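Colleague: Give me the fold of what follows.
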Amino acid sequence: MLTKHARIRSQQRAIPPLMIDLLLQLGSSEKAVGGVSKFFFDKASRRRVHAYAGPIAPLLDQHLDLYAVVGCDNQIITVGYRKERIQRH
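Modeller: Next comes the predicted model:
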């Protein structure tokens, strides 16, 4: 479920709901400060998307630099496009 902020950000940044669903299902995640989780597509999850999407996978490539921040209550706080690599700790 998207918060109001996440809904606005996804609309402003032209992020399709399908990609948010794929990110949460097939993306990688790690814990972040404040008890939230960051979801993103790394190399392994990009392979999972390509295997899942089959022939339409090349159409999704432009959206694979997404990230989402999900709170402990499983609400999506915000979404956006990564400009830098995710720093892993």
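Colleague: pLDDT at the residue located most distally from the centre of the chain, what is it?
Modeller: The centre of the chain is farthest from one residue, residue 55, which by CA atoms, centre = their mean lies 21.0 Å away. Turning to residue 55, the model gives it a pLDDT of 95.
Colleague: Would you map the helices across this structure?
Modeller: Counting by DSSP state H, the chain forms helices over residues 4-12, 17-26, 43-53, 57-60, given from the N-terminal end onward.
Colleague: what's the closest of the ones you listed to residue 34?
Modeller: With CB to CB as the measure, helix 4-12 is the member of the helices of the chain nearest residue 34 (14.9 Å). C-beta: built from backbone N, CA, C; applies to glycine.
Colleague: Columns distance to residue 82 and mean neighbour count on top of the helices of the chain, output as CSV?
Modeller: CSV is the format used below for these (distance: least, CB to CB, whole Å; neighbours: other CB atoms under 10 Å):
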stretch, distance to residue 82, mean neighbour count
helix 4-12, 14, 14
helix 17-26, 11, 16
helix 43-53, 13, 14
helix 57-60, 15, 13
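Colleague: Could you point out which of those helices sits nearest residue 68?
Modeller: helix 17-26 (5.6 Å).
Colleague: Packing partners of the closest one?
Modeller: strand 37-40, helix 43-53, strand 66-70, strand 76-81 (3 or more CB pairs under 8 Å, 6 or more residues apart in numbering; DSSP states H and E).
Colleague: Kind regards, and thank you for your time.
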